[in-house]
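[1] Structure, please.
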Amino acid sequence: MKALVIGLGSMGKRRIRCLKALDFAPADIAGFDTRQDRREEAASLHGVATYDDFDKAVAAHKPDALIISVPPDAHHIYMKKAAALRLPFFVEASVVDTDMEEVIALCNQAGIVAAPSSTLYFHPAIQTVAAIIREGKLGKISNILYHSGQYLPDWHTYEHVREYYVSNPATGGGREIVPFELTWLVDVLGFPKRVAGMFRKTIEIEGAEGIDDTYNALLDYGDFMLNLCVDVVSRAATRRMVINGEAKQLRWDWDENAIKIFDPAANAWETIPYSMGKAQEGYNANIGENMYIDEVACFLKAVRGEGSFVNTMERDHQVLKTLFAIEQADRESRFVPIDFAG
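    Residues are numbered from 1 along each chain as shown. From the prediction side, this is the model:
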C-alpha cells in the first residue's frame, strides 16, 4: 500500500512517523505541501518524496490512500478530491463543516473509506474508562465533570500562534478541542438530548486576540448530566474527569497514569494503571505517539477491508453540530435540543 500525506506541518509529519512505525518504507510514502520549507524538512527527516502540486503527487506516487493533514478550513477541498479519485482517506480532527453534506454524499457515491480522526478513542485511559462505563461497574451514572485544558502557545513551540490556524476565530484552538473531546465522549455516552453553554475570550494571548479561549458546556442526557470545560488558558496541560455513579466514583487525572475507582462498600480506592507509551520529543509526556499510530492502523485495516473505522463522517458532522449548538445556546441564553441518536 502507498500513502500520500497532504500537508506537511506538525500533524503531517506525525502521520509520516505513524506510517513508518507501521512498517511503511519511505518509498511507499509521499508528501504534498505548497511550502518549500515543509517539503524540505519532511524529505530530510523521513526520506520521502515530496511535491508542490497535488495532481502531480497523485500522478507520480499513485497512492492507494490519502491522509489529509491540512488546516481544518481546507479539509473539504481534499476530501472532495479524494472522492473524485475514489481514494480512501483519513482526515484530521475538524472544527468547521464546510460542504460536509456534499462531501458525505460524494464519499457514499464513490464507495470509499472516509475516516475522520478520533484520536482520543485510542488513548489507553479513555479505552479503560469506556469499558468501565459500558460494563456498568459504577452503577447508574449521576453526573460527570470533565476538564480539558492546555496553553495555546505551548502547542507549537517552534512557531508563533499567529502563524497557523489556531489563531483564526473559525478554527481557533479552544473551539477545535471541543469536538476533539466530544468525539470520544459521544462514542461512549451517545449524544445528549440538549445542550447549554458559554464560550468567550477570557485572557490575552498574543497573536490569537480574536479567538474564544474557554468553552463551558452542560450536556443533558435526561437521567444524567455532563459538565465539560475546554480551554487553552491552562498553564499546565490538564485532563481530569470525575464520574459519580450510584455504586462507585471514578477519577482520572492524566498526570497520574492511572484510573481510580472508589468502592464505598470496601471504603477503598482501586487503582488501574496504564502505560501511555513514548511521546515525541517536544510534546507533552501525556500525548504519546501510540494513540496516533493505532488510529492510522485502524484506518489502514478499514482500507484493506479488515474492519470498519471507529468514526464515520455522518457522526463527525453531528459532533460539529453539537459544538455549534453549544455556541447557539450561549448566544440565545437557552438550552438547544440535539436531534441525533446515532
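[2] chain center to the helix or strand harbouring Ala217, what's the gap?
    Following DSSP states H and E, the helix or strand that holds Ala217 is strand 214-220. Put simply, strand 214-220 sits 18 Å off its chain's centre (C-alpha atoms, centre = their mean, to the nearest Å).
[3] Mind jotting down where the strands sit in the stretch 51-200 of the chain?
    For the stretch 51-200 of the chain, applying DSSP state E, counting those that start in this stretch gives strands covering 65-68, 89-91, 114-116, 141-151, 194-200.
[4] Export only the CA atoms of the helix or strand that comes right after the strand holding Ala217, formatted as CSV.
    Beyond strand 214-220 on the C-terminal side, the first helix or strand identified by DSSP H and E is strand 225-231. Written as CSV, here are the backbone C-alpha positions of strand 225-231 (Å, rounded to 0.1, in the frame of the first residue of the first chain):
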residue,chain,number,x,y,z
MET,A,225,-25.5,15.3,33.2
LEU,A,226,-22.1,16.0,31.8
ASN,A,227,-20.2,19.3,32.6
LEU,A,228,-17.5,19.9,30.1
CYS,A,229,-14.9,22.6,30.3
VAL,A,230,-12.4,23.1,27.5
ASP,A,231,-9.8,25.9,27.5
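[5] Out of the strands of the stretch 51-200 of the chain, which is closest to Pro264?
    strand 141-151 (13.8 Å; C-beta to C-beta). Any C-beta I mention is one placed from the backbone N, CA and C, and that applies to glycine too.
[6] Neighbouring strands of the closest one in the sheet, and parallel or not?
    strand 225-231 (parallel), strand 233-245 (antiparallel) (DSSP bridges).
[7] Buried residues, it. List them.
    Neighbour counts over strand 141-151 (16 or more other C-beta atoms under 10 Å) mark Ile141, Ile144, Tyr146, His147, Ser148, Gly149, Gln150, Tyr151 as buried.
[8] hmm, who's touching that strand?
    133, 173, 177, 181, 185, 223-246 (C-beta atoms under 8 Å, 6 or more residues apart in numbering).
[9] Ile70: neighbouring residues, count only.
    Heads up, residue 70 is Val, not Ile. 21 (other C-beta atoms under 10 Å).
[10] Please name the nearest non-neighbouring residue to the residue nearest in space to the middle of the chain.
    Nearest to the mean C-alpha position of the chain, counting by C-alpha atoms, centre = their mean, stands Phe180 at 3.9 Å. Leaving aside its chain neighbours, Phe180 sits nearest to Ala93 (5.0 Å; criterion: C-beta to C-beta, 6 or more residues apart in numbering).
[11] The one you found and Met225, how far apart?
    Counting by C-beta to C-beta, to the nearest Å, the gap from Ala93 to Met225 is 25 Å.
[12] next one: Glu332
    Distance of Glu332 to Met225, given as C-beta to C-beta: 20 Å.
[13] residues in contact with Glu206?
    Pro153, His160, Val161, Arg162.
[14] which SS class is it?
    Secondary structure assignment for Glu206 (DSSP: H, G, I helix; E, B strand; the rest coil): coil.
[15] That one and Glu40: what is the separation?
    28 Å.
[16] With Gly210 instead?
    For Gly210, the distance to Glu40 - C-beta to C-beta - is 31 Å.
[17] Repeat that for Leu85.
    Taken as C-beta to C-beta, the span from Leu85 to Glu40 is 27 Å.
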